[in-house]
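Trainee: Provide a 3D model corresponding to the input given below.
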Amino acid sequence: MDAAAPDVVYIERLTSGVYLDQCPNVEHYLEVADQLSSEALTPAGKIPFIEQIDYET
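Mentor: Numbering: from 1, shown residues only. Purely as a prediction, here's the structure:
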């Protein structure tokens with residue numbers, strides 16, 4: 001991967017795709033990805049979470 005390559009966001013739609021390459025747009029998506037990553041369960045934490053789900057509801 002080229003370290004000098006700019007960041008790009010690709011949004012896939014039902015019939016097309018959109019590439020975002022403007023800095024404010026890309027930065028927003030990077031912030032959202034960082035937030036989701038920080039809130040995600042660890043691999044070890046996923047098992048107890050899944051086991052406590054009530055599938056009969």
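
Trainee: Would you mind measuring from the most centrally placed residue in the chain to Phe49?
Mentor: In the chain, the C-alpha closest to the average C-alpha coordinate belongs to Ala33, at a distance of 4.5 Å (Cα atoms, centre = their mean). Ala33 sits 21 Å away from Phe49, going by Cβ to Cβ, to the nearest Å. Glycine gets a C-beta too; all of them are placed from N, C-alpha and C.

Trainee: contacting residues around the biggest helix by length in the chain?
Mentor: As assigned by DSSP state H, the longest helix anywhere in the chain is helix 23-39. Residues outside helix 23-39 that contact it (Cβ atoms under 8 Å, 6 or more residues apart in numbering) are 6-9, 20.

Trainee: Most neighbours of all the residues you listed, which one?
Mentor: Val9 (17 neighbours; other Cβ atoms under 10 Å).
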